[in-house]
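S.K.: Quick one: sequence plus predicted model below, questions after.
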Amino acid sequence: MSEPTLPPKRSVEAREGLRFGIDIDGTIAQAPRHFKRLIDALLAHGDQAYIVTGRWERRRQETEAFLASLGIRYTELVMRPNDWPGTVPEFKAQVVREKALHLTIDDDERNCWAIAQQTEALAAHMLPFPEALEAREAREEP
Ligand SMILES: [Mg+2]
């Protein structure tokens, strides 16, 4: 079995702001405190946090309100156009190219794989973060 060939990945120049792409459903929605900390740290250091979701553009108002309820700030919320003809992985790979993102975080391995194959960005699969443990410890504090 031969290894699949992936395109070369973007190198990061010193002092270049990083551009992250972060998914909502199954990612931010799954671990909102974790992603709030991550995004706040990125923005505080002059990096960019793009929220890239396969949700349709027609759900923008609801989605903005959802992110605001979690305290999630961002550089730009990029949603799938209502007339997008392709798949979600195709949409996300196109956004990564258009915004020249360095790294994306997504819970859907199809999105990660499309980004890994079709762009210069790194695609990180949403790893389980012990947010459930954090919530339990918070409940157990006297
Ligand atoms: Mg998702």
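M.R.: Structure's in. What do you need? Numbering: from 1, shown residues only.

S.K.: Could you tell me how far whichever residue of the chain sits closest to the ion is located from residue 58?
M.R.: Taking C-beta to the ion, the ion has its nearest neighbour within the chain at residue 26, 3.7 Å off. No exception for glycine: its C-beta is placed from N, CA and C like everyone else's. To residue 58, residue 26 is 20 Å away according to C-beta to C-beta, to the nearest Å.

S.K.: just checking, what's the longest strand in the protein?
M.R.: As assigned by DSSP state E, the longest strand anywhere in the chain is strand 48-56.

S.K.: Leaving out sequence neighbours, find the closest residue to the residue nearest the centre of the chain.
M.R.: Central residue of the chain (C-alpha atoms, centre = their mean): residue 22, 1.0 Å from the mean position. Spatially, and ignoring its direct neighbours in sequence, residue 22 is nearest to residue 105 (5.1 Å; C-beta to C-beta, 6 or more residues apart in numbering).

S.K.: that older thread, with the ion in mind, check whether the next helix or strand after the longest strand of the chain reaches it.
M.R.: Helices and strands here follow DSSP states H and E; after strand 48-56, the next one along the chain is helix 60-69. No - with C-beta under 5 Å from the ion as the criterion, the ion is not reached by helix 60-69; the gap is at least 12.6 Å.

S.K.: please renumber so the chain begins at 33
M.R.: Fine by me, first position is 33 from now on; the one you just mentioned is helix 92-101.

S.K.: Could you give me the buried positions within the very next helix or strand once past helix 92-101?
M.R.: Going down the chain from helix 92-101, the next helix or strand is strand 108-112, by DSSP H and E. Of the residues in strand 108-112, 109-112 count as buried by neighbour count, 16 or more other C-beta atoms under 10 Å.

S.K.: Which single one of the residues you listed is nearest to residue 156?
M.R.: Nearest to residue 156 among these: residue 110, at 17.5 Å, using C-beta to C-beta.

S.K.: Let me see the contact set for that closest one.
M.R.: 53, 82-85, 127, 131 (C-beta atoms under 8 Å, 6 or more residues apart in numbering).
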